[in-house]
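Engineer: can you look at this prediction? I've put the sequence above it.
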Amino acid sequence: MNANQQALVDRWQSFLAKIHERLAEICVEAEAGVRAIAAQHPEDQMPVSNAITGLDHRVRQLRDKIQETWDAQVEDKFSADPEIHDVGLDMKQDSEVLLDEKWSLAKAAWMSEIAREAFGRAMAAMEKPVPCSSCGAPLNLPTRIELVAATCTHCGVVNQAAPSMAIQYYFGWCVQNLADAAALPHRHAVERQRIVADRWRRDRNWAAEPVESLEEWERLERRYWETVAHERARLRNEPVDQKYIDSRMAYFYKYSLESNQQWVRAKGRHGG
């Protein structure tokens, strides 16, 4: 890379670094606010979800800034030198991917901390007896985390016993957030594997992706959904929902692998 090429790369890298500095500032600003909202609404997920949606918009604007700057000010400079055009394009993509990863990891850390705080409240709620709606005697419930019908052993009345809001909040929304956080590195691995595969193809005049690469994609995708399902089952102390994994993979086969002719020829219409 000559001096002019290096100078162009350095300027582009400097701009991308500023975008990431701004993301870091947003994360610092947002964390305290999100935690405060969660503390104010300890049994209601909507205020936190709404706050995260607003923050997602701010981060999307940062991502859009990368694309807009590339389109308006940068691409023509890299295009003028075909030797480094893909270098600039890859820097852009790598920066976008890293931005997305940093943001998703930041949100996962906040949601996990909120969930850990909610766990204690859920456990305290589960220690409280649930009285019969007729005689007030404590009900013997098979589970405290689902709506169940329970017959009172004292008066025989059938009760519809629903989990308290604290229990619903943790074992529903919080557990899902914890499961998603545990699986997040696997989602990132999928996304990075696809980038590697696309660049391999680009460097070979867009040759067909090898079946071995597609099989690795399949393995990584399955690992992601298995991690989500296993972590959710562990936290809820229940069997792994294999039907959930199978349904997610069926969708993946239908809309990803089965649209790839290399895969269809090697594996037939239905992969896996």
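Structural biologist: The structure has been received and is ready for your questions.
Engineer: the helix or strand harbouring Asp86: how far from the chain's middle?
Structural biologist: Here Asp86 is covered by helix 82-127, with elements defined by DSSP states H and E. Between the centre of helix 82-127 and the centre of its host chain there is 7 Å, according to C-alpha atoms, centre = their mean, to the nearest Å.
Engineer: next, Thr151: phi, psi?
Structural biologist: Recorded main-chain torsions at Thr151 are phi -90, psi 130, according to degrees, to the nearest 10.
Engineer: ok, it touching Val157?
Structural biologist: Yes. Taking contacts as C-beta atoms under 8 Å, Thr151 lies within contact range of Val157: 7.3 Å. Quick note: C-beta positions are derived from backbone N, CA and C, even for glycine.
Engineer: which SSE is immediately downstream of the helix or strand containing Ala229?
Structural biologist: Element membership for Ala229 (DSSP H and E) is helix 211-236. Moving toward the C-terminus from helix 211-236, the first helix or strand encountered (DSSP H and E) is helix 242-255.
Engineer: mind listing what's buried along that next one?
Structural biologist: Buried positions in helix 242-255, judged by neighbour count with 16 or more other C-beta atoms under 10 Å: Ile245, Arg248, Met249, Phe252, Tyr253.
Engineer: how much space between the second one and Lys77?
Structural biologist: With distances taken as C-beta to C-beta, to the nearest Å, Arg248 is found 42 Å from Lys77.
Engineer: okay, domains of the chain per the record?
Structural biologist: When the chain is parsed into structural domains using automatic domain parsing, the resulting residue ranges are 1-126, 129-163.
Engineer: among the ones you listed, which is nearest Val228?
Structural biologist: Nearest to Val228 among these is domain 1-126 (12.5 Å), distances taken as C-beta to C-beta.
Engineer: now do the contacts for Cys31.
Structural biologist: One correction, residue 31 is Glu, not Cys. For Glu31, the set of contacting residues under the criterion of C-beta atoms under 8 Å, 6 or more residues apart in numbering consists of Ala106, Trp110.
Engineer: related to what we said a few turns ago, in CSV: the domains of the chain, plus mean pLDDT and distance to Ala182.
Structural biologist: Supplementary listing: those in CSV, determined by pLDDT from 0 to 100; distance: least, C-beta to C-beta, whole Å:
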stretch, mean pLDDT, distance to Ala182
domain 1-126, 95, 9
domain 129-163, 94, 19
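Engineer: closest one to Glu218 among those?
Structural biologist: Closest among these, using C-beta to C-beta: domain 1-126, at 20.7 Å.
Engineer: now do that closest one: distance to the chain's middle.
Structural biologist: What separates the centre of domain 1-126 from the centre of its chain is 14 Å, taken as C-alpha atoms, centre = their mean.
Engineer: how long is it end to end?
Structural biologist: Across domain 1-126, the terminal residues are separated by 65 Å (C-alpha to C-alpha, to the nearest Å).
Engineer: begin at 14 from here
Structural biologist: Okay, using 14 as the starting number, the last item reads as domain 14-139.
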